[in-house]
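Undergrad: Below: sequence and its predicted model.
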Amino acid sequence: MFFFFVGGLQQEVRQVLKSGVSKCTYCGNSVDLVNSDKVLNLFFVPVWRWPAKDPLFHCSYCKNFSSYNYSLPPTSESPAAVAEALRCRFCDREVEADFRFCPFCGSDL
Ligand SMILES: [Zn+2]
Ligand SMILES: [Zn+2]
């Protein structure tokens, strides 16, 4: 199998079904419900185009597509976990709060 393309897969709006139906999960602007086409680009030339099965939300402001059934992207922010973690002041890596010595560099914490 050959997975490496010079170019890539893009999604383009074909038809706006309904505008302002929801809020963009990325920028908070209103999004449109659209029918879209998937476009395969090779060397920046569209070589193949086929309609996407399901309607999608499209934000015309940040150009992001999001799926109609609200499968939100995984949130990367977990402020509690970051705040709890202790950092070794020598090697600056995260260590468990109850460690006496840094497991990475062996320094006394
Ligand atoms: Zn947006
Ligand atoms: Zn360390």
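TA: Nice, thanks for sending it over. Ligands and ions are numbered 1, 2, ... in the order given.
Undergrad: What is the neighbour count of the closest residue to residue 108 other than its chain neighbours?
TA: Ranked by Cβ to Cβ, 6 or more residues apart in numbering and with sequence neighbours excluded, the top spatial neighbour of residue 108 is residue 101, at 6.1 Å. The way it works is simple: take the backbone N, C-alpha and C, and place the C-beta from them, glycine included. Number of residues near residue 101 (other Cβ atoms under 10 Å) recorded here: 12.
Undergrad: Please apply the same query to residue 48.
TA: Count around residue 48 with other Cβ under 10 Å applied: 10.
Undergrad: tell me the secondary structure for it?
TA: Under DSSP: H, G, I helix; E, B strand; the rest coil, residue 48 falls in the strand class.
Undergrad: measure it to residue 55 for me?
TA: According to Cβ to Cβ, to the nearest Å, residue 48 and residue 55 sit 21 Å apart.
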